[in-house]
Structure formats: C-alpha cells, structure tokens
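Peer 1: task: produce atomic coordinates for the following.
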Amino acid sequence: MTQKIVISCTLASIALTSLAAAQATSGPRRAEPVDNAAVQRALEQSHAGYQAFLARSGGAWAVHFDEAAGTPDSIVGSGLQISSGPIGSLSEAAAAAAETLAKYPELWGAPIGDLHPIQAEKVNRIYVFTWQQRFQGLDVRGATVQIQVHEAGRVSSIGATSFALPADFSRMPSLSADQAVASASAGKRLVAGDSVEATDFLVYAKRALGTSTPALAYRVAVNQPSAKNWEIVFVDANDGSILEVAPGRYYTDVKGQVTGLSNTSLLPLTAPVQVPLANVTVNVAGVGSTITDVNGNYLLTTAQAGPFSVTATLDGPTFDVTPLQGAAITANGTTSNIGGAQVADLLFNPAPSQFTSSQSTGAYLHNFIRTYAQAKIPSFVPWAGQDVNVNLNDTCNAYYDPADNSVNFFASGGGCVNTAYSTVFYHEFGHGVDDRFGGITSGSLSEAIGDIFSMYSTDQPINGQDFFGPGTIIRTGLNNTTWPASSCGGEVHCVGETYMGYAWRARVNLGNSLGSAAGLALAEQLFLGALPFNNSSITTSVTQTFLNDDNDGDLTNGTPHYADLAAAATVKGFTPPQILTIAIAHTAHPDTFNQTQPLAIYATVRS
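Peer 2: The predicted structure follows:
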C-alpha cells in the first residue's frame, strides 16, 4: 500500500481559541526526544544486537539510542573498512551497504526480507542508503535502517529504528476505516468545509521505556477549519483507541505591529523594488502561452502581424500564487512594433498595497529560495506548481501544510505585519524541504532547519527582522539556548534554537578560518547537506555534520574542520564526536572454565 505521509510541526506556538481546544482530539502527543546519559548507558549495555556488533566489528564506536524505542539510531566511530581503495560509484557503494546489511542482522531487529530500499544517493562524500521496514506490504511507521558509506572506502555510520514484530502479529483489522474515522470524530462539531478522512493503513510503532510494540492502525486526517483544528490521528485498527495525535499544520506564530508592504528586503517596511519575475505564465491572445526565464523574459513565435494583447499571471511550473484576500493581480499590456518585433513589457503591482505586494513578493521569494535550495542540495526535487497562498484572513502567522506542500502567509493585523516576506518565507519553505526528504521526524529539528534556511540564504543570523516593529526580531542564531534545552519545557521552537545556534556559530567559525565566502559554502554543505539523511533528532543531526565533514570514514581521528565544528557544538551544549588518541581492537576469548592458567588475548593497538 502506498503510504501518504502527513506530519507537522509549528513554527511558533499559537494560542488556540477555546473552541479549537475543545475540538482537539484527546490522545497522546509525541514527546520531543531527549538524551539521558544514564538511559543511554543502560541501553548500550543491554542491547544484545549492539554488543554482538561490537564483538564482531572491532574498532572504536559511539552509539546513540532512541530512548523511547530502545533502538540504536546512530552508530559512528572508526568505521568499517569495506574497500581497499576509494569507492567511485553508487553501485559499488550499494553493494557494500547491502553486504553490511546482511552481515549485521542483529542490529536491525526486523528480518532483512522486511527491509525495502527507499533511498540510494550520494551527498557530498557520503553514499546514503535507507531501507523502510514493511510487514506484509504495510509500512511500519518510523521503522528504518540507514547505512552511510564514505567514498574513502568505509561504512562510516549505521542506524536503525526497525524492530522485531511478534510471530503472531496479524495485518487483519477488527475495525473498518469508517469506524476509525468515527473514533477520531468523536465529540467534534463538524460543519460544512470540515472533513475527517482515513488516509492510510499501516503498522504503528508504540515506543515507550526502550521498547517498540506494533499496533495495526489507520492514519486519519482531521481538517476542521471551523475550529482552527488540524490533526493527524493514529487510530488502533483493532480497538479504536487513539494511539497518537500529531499536529496537521506547520505554523509561524510571531507577534508585532507593522503595516508595511512585502518586498525583497530583510526589512518589512522597505518599499517594493522592481525585479524580474521568473517562472510566471504569459498569455498572448490568439497566439499561445509561455513561461518567463530566469531574467523574466518571454518569447513566442507567430505568423500573425499584431499588435497583441498580453497578460501575465503569477503561476507557472514551479509555483502558484493565490491571494485569500484581495483580487489576484495580473500584468497586462499591448504589444508595439519595435525593430520588427512585437514588444510588450509587463509590470505587476504598479500601485503597491498590502494585498498586491504580498503576491508579487511571494513570486520573487519563491524563485529565490527554490533556486537556492536546489543549488545547495542537489538531490532536492522541488514540487511542481507549489501553492503560495498569501493574505490569509488571519493574523500573526504563517505555515507549511504537508497535506498539499503549500506555504501560507497571513495578512497584517493584530499587531503583526503581513507575513509574506524574506526570512519568514524562507523558514516555511525550509520546512517543506525537510518534509521532502522522508518526512519531518522531529518538530524541534525542523524548526531549526527552517531557521537555518533563513540564516544561510541571507547570510545573517536573524529570522523575522522588525516583525514586531523597528529593532525587533523573532529569533536569532546568536541565542543562549543550550542543549538539552531543559528550560524550554519541550517547546519545539525554543529547543530548535540549540541546533540553529550551532549552525550559525559553525558558520562564523568556518568563516574566520577559511574566509567568509568559503566558510559559508562549507557550512551550507555540512548543514543543508545533512537533510537527505533525514536524521530523527537534533543530537544525531549534530553528529551528521561531523560525518559530512569527515574525509576518511573514521570519526575517531577527527575531521578536516573538527576544531571549528567542535567549538560551535560545545558552546551550544552538544558533545562532539570524541577523538581517540589510542584504540585497542581484540579478538574475544571463548568461554572457558579454566581458572588456573594464563589466557592469551591478541590485540591490535594503534595511535
């Protein structure tokens, strides 16, 4: 069965009305992952698969566990030598990854036959391979295996969230999809425009206290605009209980007062400027239509004489700008004969206002950030005709919607500006890029990723400059929040400040060492280049940046820019991968009852 993934997080928490709170589905919400040193040590010592891996692999390793599931989601260290020389092709790396998958079944929990490849690509110097666990055709939610192969000839990282299902587990539900919808709808006052729909059938992994337990489940989408309530509800397919309630939209919640126009500046009050608009549709009456190029130019050939009436609209192959308030703007003109050609230059938004400027600005910003994302993450495949919705009849927010991959921006009011501008736009687009690579696995991590898109694409640390008025901001990479962000109370934007702050400090350190332009380019490669790996937590994402910087598949001997990254990570409370000055690998002695004679232990010691 094809799985339609719908996951969400908020850019900033929004105070729901009492009606929305009353309509929210009762059920558990997924807690943000945290690291407990004692729990990590206990899992490391008790996980039989990891201990068996250590005994057979040799080398020096560090492991990170998903504490709720009890699975080793990141194993890094000296790496596994799988080639005598560099690996030069995806097929060669795939063979090495498949051999590793077959060699260490004790790590995966799930039978290898239940692991189905869903990703095979090269990101910078690392080949990444991911397998999705499926049970009799059903996806097991969040259960994957990932193996990273460094081009130097080593398996540099292994991680698994897959697990064993009981032998008697059945895929036959006791309840129908309609009954699951009824469970999610219980107590809700649905009116015209509201909907509750079962969108998928899957195996849900109940993760708690270091154990994963499967449950057959329906994924039910609750779209309730009447109560400002959007949810994804996982309903047990056998008893109708609510397994999890996840938010169904990505919101921005920032506050302030500004009535300025949207524009290409970082500042919301700057007057709009005239810029070329790429990827818009131009229709020449009686001739046909075409799309403008990167410089805003368009060209059609016809045998007719002209003049012609020409109209441009803010839609095309990459985006579709739609205002929810105010009329959709167009650019119109009539051609003139200039040098033997029929020429008409068109101008959108000749009389700027809030509802018109947000539309032309939305088109410009989408072109910019889409091109930026493609340049920095070559494997990123953008959406065709992504909806850019502006002037929503609400205030103080913006959101990314995973249901249709749209980005949505609110009108001004309530003390807030029209939110279709610069860094707010880039943040929401960043949520979508995160979602594009296997779904959003952590709300706090996705908030950080959105902020990193804002900071790196503009090369400055502030998100939402002047959103509340001159001199105010939403967030900054120069924050003082440190991991594990216990003072945040689990609030995802606050927790995300740890990783986005690490990203900005790393950019500064690398700029100081390499020069500003080279430092930014490397930071983009390390941090934005981490997205295709779809890490499940902030801590594993920190490790991924070191893996991306590594040049030999062995983290224990450092990375080329270890000092700059480690300094930035340490400031934000993270523990960077440890460099070993000595490593001992030995062959385990077999069990024996002989306690009277010496036993020979053979070991390899290296500096």
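Peer 1: can you pull the pLDDT of the nearest residue to Arg475 once chain neighbours are set aside?
Peer 2: Excluding the flanking residues, the one nearest Arg475 by CB to CB, 6 or more residues apart in numbering is Asn463, at 4.8 Å. All C-beta spots, glycine's among them, are computed from the backbone N, C-alpha and C. Model confidence at Asn463, given as pLDDT, is 94.
Peer 1: list the contacts for Ala569?
Peer 2: The contact partners of Ala569, taken as CB atoms under 8 Å, 6 or more residues apart in numbering, are 502, 506, 542, 575-576.
Peer 1: find the nearest non-adjacent residue to it, please.
Peer 2: Pro576 (4.6 Å).
Peer 1: show me what contacts that neighbour?
Peer 2: Pro576 makes contacts with 542, 546, 562, 565-566, 569-570, as judged by CB under 8 Å, 6+ apart.
Peer 1: whichever of the residues you listed end up buried, select them in ChimeraX.
Peer 2: Buried members of the contacts of Pro576, defined by 16 or more other CB atoms under 10 Å, are picked up in ChimeraX with:
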select :542,546,562,565,566,569
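Peer 1: just checking, what packs against the helix or strand hosting Gly501?
Peer 2: Using DSSP states H and E, Gly501 sits in helix 492-514. Helix 492-514 is packed against helix 443-458, strand 475-476, helix 516-527, helix 538-549, helix 562-571, with contacts defined by 3 or more CB pairs under 8 Å, 6 or more residues apart in numbering; DSSP states H and E.
Peer 1: buried sites along that helix?
Peer 2: Neighbour counts over helix 492-514 (16+ other CB under 10 Å) mark 492-511, 514 as buried.
Peer 1: contacting residues around the residue most central in space within the chain?
Peer 2: Nearest to the mean C-alpha position of the chain, by CA atoms, centre = their mean, lies Asp434 at 1.9 Å. Asp434 makes contact with 440, 445-446, 449-450, 531, according to CB under 8 Å, 6+ apart.
Peer 1: state the distance from it to Thr423.
Peer 2: 16 Å (CB to CB, to the nearest Å).
Peer 1: re the thing from before, most neighbours out of the contacts of Asp434, which is it?
Peer 2: Neighbour counts for the contacts of Asp434 (other CB atoms under 10 Å) peak at Gly450, which has 31 neighbours.
Peer 1: next one: it from Ala208, what distance?
Peer 2: As judged by CB to CB, Gly450 and Ala208 stand 29 Å apart.
Peer 1: ok, which stretches of the stretch 151-300 of the chain are strands?
Peer 2: Applying DSSP state E, counting those that start in this stretch to the stretch 151-300 of the chain gives strands spanning 154-160, 195-208, 211-224, 229-236, 242-247, 250-253, 281-284, 288-291.
Peer 1: so which of those comes closest to Asp139?
Peer 2: Asp139 sits nearest to strand 195-208 of all the strands of the stretch 151-300 of the chain, at 5.0 Å, using CB to CB.
Peer 1: ok, which stretches of the protein are helices?
Peer 2: 18-23, 37-46, 48-57, 90-103, 177-185, 354-376, 422-436, 443-458, 492-514, 516-527, 538-549, 562-571 (DSSP state H).
Peer 1: possible to save those helices as a markdown table with mean pLDDT and distance to Asp66?
Peer 2: Formatted as a markdown table, the helices of the chain follow (pLDDT from 0 to 100; distance: least, CB to CB, whole Å):
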| stretch | mean pLDDT | distance to Asp66 |
| --- | --- | --- |
| helix 18-23 | 60 | 31 |
| helix 37-46 | 95 | 9 |
| helix 48-57 | 94 | 12 |
| helix 90-103 | 96 | 19 |
| helix 177-185 | 94 | 27 |
| helix 354-376 | 95 | 28 |
| helix 422-436 | 96 | 19 |
| helix 443-458 | 96 | 14 |
| helix 492-514 | 97 | 17 |
| helix 516-527 | 98 | 22 |
| helix 538-549 | 97 | 9 |
| helix 562-571 | 98 | 21 |
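Peer 1: as a markdown table, the ones you listed with distance to Gln304 would be great.
Peer 2: Shown next, in a markdown table, are these (distance: least, CB to CB, whole Å):
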| stretch | distance to Gln304 |
| --- | --- |
| helix 18-23 | 56 |
| helix 37-46 | 73 |
| helix 48-57 | 72 |
| helix 90-103 | 50 |
| helix 177-185 | 56 |
| helix 354-376 | 29 |
| helix 422-436 | 40 |
| helix 443-458 | 43 |
| helix 492-514 | 54 |
| helix 516-527 | 48 |
| helix 538-549 | 55 |
| helix 562-571 | 62 |
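Peer 1: of all these, which one comes closest to Asn397?
Peer 2: With CB to CB as the measure, helix 422-436 is the member of the helices of the chain nearest Asn397 (9.7 Å).
Peer 1: on that earlier part again, which two of the contacts of Ala569 have the greatest separation?
Peer 2: It's Ala506 and Thr575 that sit farthest apart of these, by CB to CB, at 15.1 Å.
Peer 1: before we move on, the earlier item: what's the least confident stretch among the strands of the stretch 151-300 of the chain?
Peer 2: Looking at the strands of the stretch 151-300 of the chain, the bottom one is strand 250-253 with a mean of 44.
Peer 1: contact partners for Asn279?
Peer 2: Contact analysis of Asn279 by CB under 8 Å, 6+ apart lists 291-292, 316-319, 363, 367.
Peer 1: change it to 7 Å
Peer 2: By CB atoms under 7 Å, 6 or more residues apart in numbering, the contact set of Asn279 is 291-292, 316-319, 367.
Peer 1: could you do Arg606 as well?
Peer 2: Ala583.
Peer 1: now swap in Ser212 and tell me
Peer 2: 69-71, 163, 205.
Peer 1: Ser444 too?
Peer 2: 32, 492, 495-496, 538.
Peer 1: 8 Å instead, please
Peer 2: Contact analysis of Ser444 by CB under 8 Å, 6+ apart lists 9, 32, 485, 492-493, 495-496, 499, 538.
Peer 1: repeat for Ser516
Peer 2: Listed by CB under 8 Å, 6+ apart, Ser516 has no contact partners.
Peer 1: distance check, it against Ala503.
Peer 2: Counting by CB to CB, the gap from Ser516 to Ala503 is 16 Å.
Peer 1: distance to Gln146 added to the contacts of Pro576, as a markdown table?
Peer 2: Shown next, in a markdown table, are the contacts of Pro576 (distance: CB to CB, whole Å):
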| residue | distance to Gln146 |
| --- | --- |
| Val542 | 16 |
| Phe546 | 16 |
| Tyr562 | 23 |
| Leu565 | 21 |
| Ala566 | 24 |
| Ala569 | 21 |
| Thr570 | 26 |
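Peer 1: now flag whichever of the contacts of Pro576 is closest to Ile158.
Peer 2: Of all the contacts of Pro576, Ile158 sits closest to Phe546, with 15.2 Å by CB to CB.
Peer 1: if I look at that closest one, how far off is Ser157?
Peer 2: Phe546 sits 10 Å away from Ser157, going by CB to CB.
Peer 1: how about the nearest residue to Glu106, chain neighbours excluded?
Peer 2: In space, and not counting its chain neighbours, Glu106 is closest to Gly49: 3.8 Å by CB to CB, 6+ apart.
Peer 1: and if you look at Val123?
Peer 2: Nearest to Val123 is Pro532, by CB to CB, 6+ apart, at 4.8 Å.
Peer 1: per-residue pLDDT of the one you found, please?
Peer 2: Confidence score, pLDDT, at Pro532: 97.
Peer 1: show me the contacts for it.
Peer 2: Listed by CB under 8 Å, 6+ apart, the contact set of Pro532 reads 119, 121, 123, 128, 377, 379-380, 437.
Peer 1: follow-up on the earlier one: may I ask which two of the contacts of Ser212 are separated the most?
Peer 2: Taking CB to CB, the two most distant members of those are Gly70 and Ala205; they sit 11.1 Å apart.
Peer 1: gap between Gly489 and Arg207?
Peer 2: Distance of Gly489 to Arg207, given as CB to CB: 21 Å.
Peer 1: neighbour count: these two, which is higher?
Peer 2: Neighbour totals were compared for Gly489 and Arg207, and Arg207 leads with 21 against 9 (other CB under 10 Å).
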